[in-house]
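[1] what's the 3D shape of this:
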Amino acid sequence: MLGFILQRLWQAAIVVIAMSALVFCGVYAVGNPIDVLISPDATQDIRAAVIAQYGLDQPLWRQYFAFLGRLIEGDFGRSLVYSMPVSQLILTRLPATLELTLAAVLFASLVGIPIGMYAGYRPHSLISRAIMAISILGFSVPTFWFGLMLIMVFAVQCGCMPAGGRGETVSLFGVDFSFLTGDGLAHLVLPALNLALFKFSLMIRLARAGTRELMLSDTVKFARAAGLSEFTVLSRHVLRLISIPLVTVFGLELGSTLAFAVVTETIFSWPGLGKLIIDSITSLDRPVMVAYLMLVAFLFIVINLIVDLTYALLDPRLRKGRA
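    Below you'll find the predicted structure:
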């Protein structure tokens, strides 16, 4: 098991270095932030001084190695627009995005998997057909349109839910949380539902397909022959056997939801990383753009590492290197 963990950590380190080079070169090849930061009427001397101040007069490879050295120390530089450390700027927005992402993915998993298992257990029932129809709508409806419909129905017409914002928060261990207050929880519901739509449909279809296949397997037949109840068969055997693909999807969707929550945060005015990265792209705030992309890449790597370790716990063959 230790060798398996060390191998995955080594692979993760290589991927982080490769991603840092790709992200840095990709962002720094697009546009010139000096054109945004400096007035067109500025003299050449002022322009040259600002360029030298930010190190933009250095060759790209030298800028990258300077960035890599700061990255190892946990320093992403200073924002060109906000004039504050990028790490501090991101940390002020990250809790809101993490809260929204976790709420959406947990809802999609905790509700979608049991519903999908029921649809696979009773595939020909009317309820199962209705569940599959809902899942098809979840794949087909655009996220922005569904978000606007949620606002129009529940905020405008019914008036029972707030249309946007994060609402009242409570600080716990120095981090602000919305779900700990009634007002904050009310503000969280609609954006979380909007963000969970696609993931919810995906979990339903995966759980249904796995359950329907396993219900015809010898494992289930032997479990039934042993006198186990249907609930025990589903919870102890079927759920465990379909858990590996579900864990994979959960990990990947958690990362993608965190990375691509921009649309939902924009529609519901959620003060997370989405608004920050949009403003940074508009103003060519390179340090913030690089830090955001590196954070997303790092989160994907960490999530995949956790998924691999979870695989090893679920399947002993992986720990012994036979699969």
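[2] Which helix runs longest in the chain?
    helix 86-121 (DSSP state H).
[3] List the buried residues in that helix.
    86-87, 89-90, 93-101, 103-105, 107-109, 112-121 (16 or more other Cβ atoms under 10 Å). Quick note: C-beta positions are derived from backbone N, CA and C, even for glycine.
[4] Restrict whichever helix or strand comes after that helix to CA atoms and write it as PDB.
    Going down the chain from helix 86-121, the next helix or strand is helix 126-140, by DSSP states H and E. What follows is helix 126-140, C-alpha atoms only, in PDB (Å, rounded to 0.1, in the frame of the first residue of the first chain):
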ATOM      1  CA  LEU A 126     -44.100   4.000 -13.900                       C
ATOM      2  CA  ILE A 127     -42.000   5.800 -11.300                       C
ATOM      3  CA  SER A 128     -38.800   4.500 -12.900                       C
ATOM      4  CA  ARG A 129     -39.800   5.700 -16.300                       C
ATOM      5  CA  ALA A 130     -40.600   9.200 -14.800                       C
ATOM      6  CA  ILE A 131     -37.100   9.200 -13.100                       C
ATOM      7  CA  MET A 132     -35.400   8.500 -16.400                       C
ATOM      8  CA  ALA A 133     -37.400  11.200 -18.200                       C
ATOM      9  CA  ILE A 134     -36.300  13.700 -15.500                       C
ATOM     10  CA  SER A 135     -32.700  12.600 -16.000                       C
ATOM     11  CA  ILE A 136     -32.900  13.100 -19.800                       C
ATOM     12  CA  LEU A 137     -34.200  16.700 -19.100                       C
ATOM     13  CA  GLY A 138     -31.200  17.200 -16.800                       C
ATOM     14  CA  PHE A 139     -28.800  16.400 -19.600                       C
ATOM     15  CA  SER A 140     -30.700  18.500 -22.200                       C
END
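[5] Next, the angle helix 86-121 makes with helix 126-140.
    Here the directions of helix 126-140 and helix 86-121 differ by 150 degrees (axes from the mean of the first three to the mean of the last three Cα atoms, to 10 degrees).
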